[in-house]
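In: give me a model of this one.
(2 chains)
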Amino acid sequence: MLKYGLVALATLLTIGTASADKLDDIKKAGVLRVAAFDSNPPFGFVDPKTRQITGLDDDYAQALADKLGVKLELRPTNPANRIPLLTSDKVDLVLANFTITEERAKQLDFSIPYFSSGQQFLAKKGTLSSREQLNGLRIGADKGTTNEIVLRRDYPNAVIVAFDDTPFAFTALRNGNVQAITQDGPKLVGLLANVPDKENYEIPAFTISDDYIGVGIPKGEKRLVDFVNETLVELEASGRAAKIYDAWFGPNSKAPLPRLFKIGDKS
Amino acid sequence: MEFFGEPMAMRYLLWLLQGFGMTIALSAAVIVASTALGIAVSGLQLSGYRPLRALLDGYISVIRNTPLLVQLFFWYFGVTSLLPSGLVAWLNTQHVLDLHLFSLRWPAFETLAGFFGLTLYAAAFIAEEVRAGINGVKSTQRAAAMALGMTDFLVFRLVVLPQALRIAWLPVVGQYLGTIKNTSITMAIGLAELSYASRQVETETFLTFQAFGVATVLYILLVALTEAAGHAVARSTPFASAARSR
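Out: Presented below is the predicted three-dimensional model:
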């Protein structure tokens, strides 16, 4: 009895030391466990036909699993759950539109960014093409958002009119009371998708501030971080990153948004 | 001033004071315009021309029976969508009228819509107060004036209206106080008055208590001063003696 106990303990200890390197563990297990959103299209959502989680983040997760030669196992998550899932070892990686922040980087490691969502503008076609023009325009913003603060700080001569929410700001744009409205690019794309005369509007191809989205990795797994970063750089070089982007935000997608950020632009 | 934390204090205080200036200017403009409009409406209601009376009654009942916020949305978002886009663009551009000594700046469209909406709203209530005042003037006064051979207009202008205004004055002052408070609603259409500024300061500093506290104190100050002025006018010699002589 004691002998079996000792063997079991020894086995446990071996597992303990082996898990010091997660990259080897994943290869050994043959499964990459990834936390992903299941209700945040197009980053991660459940496809009504296949009932499987799909989206931009999941394409990247699949690419990482392919490179490792293991099976991908997706686990649904939500914004509040992302860090606990990782720190309690329920998943190996988080790919869930995870914005890189200093605060979060204290609890986990981030890869280099693979996506960037920036503060952008929506205007009638032909009125706005570069950020230099912003200083002379009347611009609608959502009250109390960082968008409003950034715009006021960096473009002091723009006239900012703050509204209770984005639909109000859009009505003001439609009526001509403001010449542009500002929000995060993907949100503007979503707004424009439902506009009946969307061909009259455009989202000029520039941002005035950026949120960088990275892969969440357990703290201290240096080899895993290096593997994810190398893979992301390869995906950009091979053109697959651009293909993944186009599948969700390309000109023929439901939410066309120009690709302003390439992997490697920011480390 | 420690109130807003050291380095940015002046900047945020300045925002609040700018907003306060806007609140004062808008309130004053609306009070003047709505008083004139309210008196005109109540005077015209006395006319024997039925379609005009029906129209004015309709205006008063529509305004009094719908929320001010909805009316402001209507003027700002609704009506502009019907105007030709060239006119809207012109209304939204800065026009500066140079009058040598000083220059007049064309107000932002939000200010125009806010002024227009608040004036129509306040005038409907003032018209009702003035009408109540007119009804409070003894009919013998009118009869006496007619006996002197005055025209209908002169009877109204010289005999009825002065007495009616005295009767209606304090309720009208109440409408002025309401107008000052109602200017805060115009922040919903992006007018940068005191409430808008306090919300802006709160967003940037997270000093919730201070931002809204300063705004509250400024509102109390403005409303209390207006009320005191209203009562002072009511006690002033021509007003008081006329009221006594009734």
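In: contact residues of the stretch 51-200 of chain A facing chain B?
Out: Applying the criterion CB under 8 Å from any CB of the partner chain, the portion of the stretch 51-200 of chain A that neighbours chain B consists of A:138, A:140, A:143-144, A:148-149, A:159, A:161-164, A:168, A:171-172, A:174-177. Placement of C-beta: from N, CA and C, glycine included.
In: and what about B:Phe125, helix, strand or coil?
Out: helix (DSSP: H, G, I helix; E, B strand; the rest coil).
In: please list all residues in contact with the nearest residue in space to it that is not next to it in sequence.
Out: Closest residue in space to B:Phe125, ignoring its immediate chain neighbours: B:Gln175 at 5.0 Å, by CB to CB, 6 or more residues apart in numbering or on different chains. With contacts taken as CB atoms under 8 Å, 6 or more residues apart in numbering or on different chains, B:Gln175 has the following neighbours: B:34, B:122, B:125-126, B:129.
In: likewise A:Asn135?
Out: A:155-158.
In: just send those back as a markdown table, with neighbour count, secondary structure and pLDDT too.
Out: What follows is the contacts of A:Asn135, written out as a markdown table (neighbours: other CB atoms under 10 Å in any protein chain shown; DSSP: H, G, I helix; E, B strand; the rest coil; pLDDT from 0 to 100):
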| residue | neighbour count | secondary structure | pLDDT |
| --- | --- | --- | --- |
| A:Tyr155 | 20 | coil | 95 |
| A:Pro156 | 9 | coil | 92 |
| A:Asn157 | 8 | coil | 91 |
| A:Ala158 | 20 | coil | 93 |
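In: can you pull out the helices in the chain?
Out: Just going to use chain A. Applying DSSP state H to chain A gives helices spanning A:2-18, A:22-29, A:56-68, A:82-87, A:102-105, A:146-154, A:166-175, A:185-193, A:222-238, A:240-249.
In: wait, chain B was what I had in mind.
Out: Using DSSP H, helices in chain B cover B:9-45, B:50-64, B:68-73, B:85-92, B:109-136, B:139-147, B:152-154, B:161-182, B:194-205, B:208-235, B:237-245.
In: send me the third one as PDB with only the CA atoms.
Out: What follows is the C-alpha trace of helix B:68-73 in PDB, where atoms were taken according to Å, rounded to 0.1, in the frame of the first residue of the first chain:
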ATOM      1  CA  LEU B  68     -39.700  69.000 -23.200                       C
ATOM      2  CA  LEU B  69     -37.000  66.500 -24.000                       C
ATOM      3  CA  VAL B  70     -39.100  65.100 -26.900                       C
ATOM      4  CA  GLN B  71     -39.700  68.600 -28.200                       C
ATOM      5  CA  LEU B  72     -36.000  69.300 -28.200                       C
ATOM      6  CA  PHE B  73     -35.300  66.100 -30.100                       C
END
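In: contacting residues around that helix?
Out: Contact with helix B:68-73 is made by B:63, B:113-114, B:117-118, B:120-121, B:182, B:185-186, B:188-189, as judged by CB under 8 Å, 6+ apart.
In: got the contact list for A:Leu108?
Out: A:Leu108 makes contacts with A:83, A:86-87, A:94, A:216-219, as judged by CB under 8 Å, 6+ apart.
In: give me the buried subset of the residues you listed.
Out: Buried residues within the contacts of A:Leu108, counting neighbours by 16 or more other CB atoms under 10 Å in any protein chain shown: A:83, A:86, A:94, A:216-218.
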